[in-house]
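Undergrad: what follows is a predicted protein model with its sequence.
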Amino acid sequence: MASKLAHAWSAAKKTLAGGVDSPVRAFKAVGGNPIFMVKGKGAHLFDIESKRYADYCLSWGALLFGHADTKTVSAIKKQAAFGTSFGTATELETALATEIQKAFPGMARMRFTSSGTEAVMSAIRLARGATGRERILKFEGCYHGHADSLLVKAGSGLATFGSPDSAGIPRELARLTTVLPYNDEKKLEAFFKKNRDLACVIIEPIAANMGVVPAAKGFLKLLRSLTRKTGTLLIFDEVISGYRVCYGGAQHLYGVSPDLTVLGKIIGGGLPVGAFGGSTQLMSHLSPQGRVYQAGTLSGNPLSMVAGKSVLSRLSKKFYAGLNARAEDFVLRAGRILGKKMHLSVHQAGSMFTFFYTENPPVDFSGVRRTNTKIFRRVFHGLLRQGVYTPPSAYEASFLSTAHSQEVLEKTLDAYKHI
Ligand code: PLP
């Protein structure tokens with residue numbers, strides 16, 4: 001008789017495209033069938049066969065206090081009883097925005113969306129509308145959601161123009177995006193010598209979508225100075241790093257201020273959300289004040305706003321010291337265990353981390369691509385068997401939450417010993 005999991009997978013494939021609503025969930029990168037979860041509590045997920053997993057994916061970094069956090073759930077319940085969507089202005093949006101401004105003072109004005117993708121897409125449109133320019137620059141290995149202008153890869157050879165990285169993206173649109181290697185100062189300088197007509201540059205200041213790869217401080221400073229000199233807007237995509245690495249995000253950590261910041265994940269407390277913001281002057285280009293159109297039926301959704309507020313109002317500079325120290329200790333000890341068995345580079349930023357199976361710490365996507373993904377798959381399944389769920393792709397970050405008690409972490413360390 002087929003197991004419940006096998007049955008669920010077969011039923012999903014008959015209804016959903018490829019059986020999933022987001023490709024990475026299909027486990028293609030690691031092999032085997034995806035796990036169907038039914039419940040989360042604290043640091044743990046439970047699948048439909050009642051197996052428990054210590055979760056280090058945490059809804060791709062969205063959950064800072066773990067699953068079904070009591071305060072977040074109670075805020076959602078209270079709001080749900082008052083209504084789930086009004087399609088009108090609410091004070092809940094102002095309340096969350098005010099909270100965000102405490103940590104991100106550069107977001108003097110902001111706007112909420114329903115996803116990170118939407119926020120990025122809107123920020124790019126705003127940059128194009130405000131500058132009157134069309135070309136944009138991004139970096140290899142950074143992910144900014146699935147908007148057409150950003151699903152673009154570097155053109156071949158020395159080509160400045162990008163080409164589509166997915167079927168369905170017009171070549172003419174992809175040509176407006178240039179893709180450069182992350183952390184390569186020389187190529188960045190050479191590029192800006194010849195190209196002074198960009199609307200914006202978008203970057204994950206601490207990349208977390210090729211595994212965790214922080215930008216070199218010099219690289220971000222150079223980027224800030226070149227963008228300023230050429231009237232190019234600088235967008236920091238802090239959808240992951242925002243409330244993950246410290247209070248104030250990577251921009252605070254590096255002391256580099258972008259023109260526009262994009263947030264998501266944690267700011268919705270596990271509900272759908274995105275936000276983008278910048279100076280009052282820049283944001284005034286958005287409709288209804290300005291001529292850049294941007295909208296959303298569920299933007300600023302009441303449930304997302306109260307869930308986000310419940311999370312963010314508990315955060316402060318001090319909050320991160322404890323969580324980050326716990327993560328550092330855990331990562332160091334897990335790294336020692338794995339390092340005895342295989343080549344390893346450990347990358348950590350705040351409470352997110354990646355174990356790269358290589359001797360040479362990657363600083364860009366070409367380095368990440370050279371890491372050993374066979375070993376990654378072995379470790380992934382070795383952990384999964386023992387009830388530890390990590391992101392099912394070698395090119396992702398793992399996360400810790402405050403619900404990951406020392407007891408949970410010790411058990412996970414034990415699992416690393418038995419891979
Ligand atoms: N930007 C970054 C840095 C992300 O990691 C993601 C998603 O993982 C996005 C944007 C897109 O966000 P969403 O999946 O909410 O559309």
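TA: Great, that's in hand.

Undergrad: show me where the chain dips below the pLDDT cut-off.
TA: Judged by pLDDT under 70, the chain has its weakly predicted residues at 1, 157-159.

Undergrad: give me that answer again for 80
TA: 1-2, 156-160 (pLDDT under 80).

Undergrad: find the centremost residue of this structure, please.
TA: Residue closest to the average C-alpha location in the chain (CA atoms, centre = their mean): residue 240, at 3.3 Å.

Undergrad: confirm that it sits in a strand.
TA: No - residue assignment for residue 240, taken from DSSP: H, G, I helix; E, B strand; the rest coil, gives coil, which places it outside any strand.

Undergrad: distance of it from the ligand?
TA: 5 Å (CB to the nearest ligand atom, to the nearest Å). From N, CA and C alone the C-beta is placed, and that goes for glycine too.

Undergrad: now do the contacts for the residue lying closest to that residue once chain neighbours are set aside.
TA: Once flanking residues are discounted, residue 240 sits nearest to residue 208: 4.3 Å by CB to CB, 6 or more residues apart in numbering. With contacts defined as CB atoms under 8 Å, 6 or more residues apart in numbering, residue 208 is in contact with 61, 240, 241, 244, 349, 352, 396, 397.

Undergrad: residues of stretch 43-51 that come out buried?
TA: Neighbour counts using 16 or more other CB atoms under 10 Å place 43, 44, 45, 46, 47 of stretch 43-51 among the buried residues.

Undergrad: tell me which two of those sit farthest apart.
TA: Comparing every pair within those by CB to CB identifies 43 and 47 as the most remote, at 15.1 Å.

Undergrad: what's the closest non-adjacent residue to the residue of the chain found nearest the ligand?
TA: Using CB to the nearest ligand atom, the closest approach of the chain to the ligand is made by residue 116 at 2.3 Å. The spatial neighbour of residue 116 that comes closest, neighbours along the chain excluded (CB to CB, 6+ apart), is residue 264 at 3.3 Å.

Undergrad: now the helix or strand hosting residue 346 - C-alpha only, PDB.
TA: Residue 346 belongs to strand 345-349 when assigned by DSSP states H and E. Provided in PDB are the C-alpha atoms of strand 345-349 (Å, rounded to 0.1, in the frame of the first residue of the first chain):
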ATOM      1  CA  SER A 345      33.500  26.200   4.000                       C
ATOM      2  CA  VAL A 346      31.100  27.600   6.600                       C
ATOM      3  CA  HIS A 347      29.400  30.900   5.700                       C
ATOM      4  CA  GLN A 348      27.200  32.700   8.300                       C
ATOM      5  CA  ALA A 349      25.500  36.000   8.600                       C
END
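
Undergrad: near the ligand, which residues of this protein?
TA: Along the chain, the residues adjacent to the ligand under the rule CB under 6 Å from any ligand atom are 60, 115-117, 120, 143-145, 204, 209, 237, 239-240, 264, 274.

Undergrad: where strands are concerned, which of those residues count?
TA: Cross-referencing those with the strands (criterion: DSSP state E) gives 237, 264, 274 as the overlap.

Undergrad: surely the last one and residue 242 touch.
TA: No - the pair residue 274 and residue 242 fails to qualify as a contact (CB atoms under 8 Å) at a distance of 10.7 Å.

Undergrad: which neighbours do the two share?
TA: Common neighbours of residue 274 and residue 242 (criterion: CB under 8 Å, 6+ apart): 263, 264.

Undergrad: tell me the contacts of residue 354?
TA: When contacts are counted by CB under 8 Å, 6+ apart, residue 354 touches 211, 212, 346, 347, 396, 397, 398.

Undergrad: helices along the stretch 101-250 of the chain, start to end?
TA: Counting by DSSP state H, counting those that start in this stretch, the segments of the stretch 101-250 of the chain that form helices are 116-131, 171-174, 185-194, 217-229, 249-254.

Undergrad: just say which of these is most tucked in.
TA: Among the helices of the stretch 101-250 of the chain, judged by mean count of other CB atoms under 10 Å, the one packed with the most neighbours on average is helix 116-131 (a mean of 24).

Undergrad: now for it, which elements pack on it?
TA: Contacting helix 116-131 under the criterion 3 or more CB pairs under 8 Å, 6 or more residues apart in numbering; DSSP states H and E are the following elements: strand 109-113, strand 135-139, strand 198-203, strand 233-237, strand 260-264, strand 274-278, helix 280-283.

Undergrad: can you put these in TSV and add distance to residue 306?
TA: As requested, the helices and strands packed on helix 116-131 are arranged in TSV below (distance: least, CB to CB, whole Å):
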stretch	distance to residue 306
strand 109-113	13
strand 135-139	33
strand 198-203	29
strand 233-237	25
strand 260-264	17
strand 274-278	15
helix 280-283	24
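
Undergrad: residue 382: which of these is closest?
TA: Judging those by CB to CB, what sits closest to residue 382 is strand 260-264, at 31.2 Å.

Undergrad: report the inter-axis angle for the closest one versus strand 233-237.
TA: With axes from the mean of the first three to the mean of the last three CA atoms, to 10 degrees as the basis, strand 260-264 and strand 233-237 are set at 20 degrees to each other.

Undergrad: out of the ones in strands among the residues of the chain next to the ligand, who has the most neighbours?
TA: Greatest neighbour count in those, by other CB atoms under 10 Å, goes to residue 237: 32 neighbours.

Undergrad: count residues in the vicinity of the closest residue to residue 259 other than its chain neighbours, would you?
TA: Setting aside the residues directly before and after it, residue 259 is nearest to residue 233 in space (CB to CB, 6+ apart), at 4.3 Å. Residue 233 is surrounded by 25 other residues when neighbours are defined as other CB under 10 Å.

Undergrad: could you measure from residue 233 over to residue 14?
TA: In this structure, residue 233 and residue 14 are separated by 46 Å, where distance is defined by CB to CB, to the nearest Å.

Undergrad: can you pull out the strands in the stretch 301-419 of the chain?
TA: Chain-ordered strands for the stretch 301-419 of the chain, with DSSP state E, counting those that start in this stretch as the definition, fall at 345-349, 352-356, 388-389, 398-399.

Undergrad: ok so, going back, make a markdown table out of the buried residues of stretch 43-51 and add secondary structure.
TA: Below are these laid out as a markdown table (three-state DSSP):
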| residue | secondary structure |
| --- | --- |
| 43 | coil |
| 44 | strand |
| 45 | strand |
| 46 | strand |
| 47 | strand |
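
Undergrad: looking at the residues you listed, which is nearest residue 224?
TA: Where the buried residues of stretch 43-51 are concerned, and distances follow CB to CB, residue 224 has its nearest neighbour in residue 43, at 37.6 Å.

Undergrad: surely that closest one touches residue 406?
TA: No - look at residue 43 against residue 406 with CB under 8 Å: they stay out of range, at 11.0 Å.
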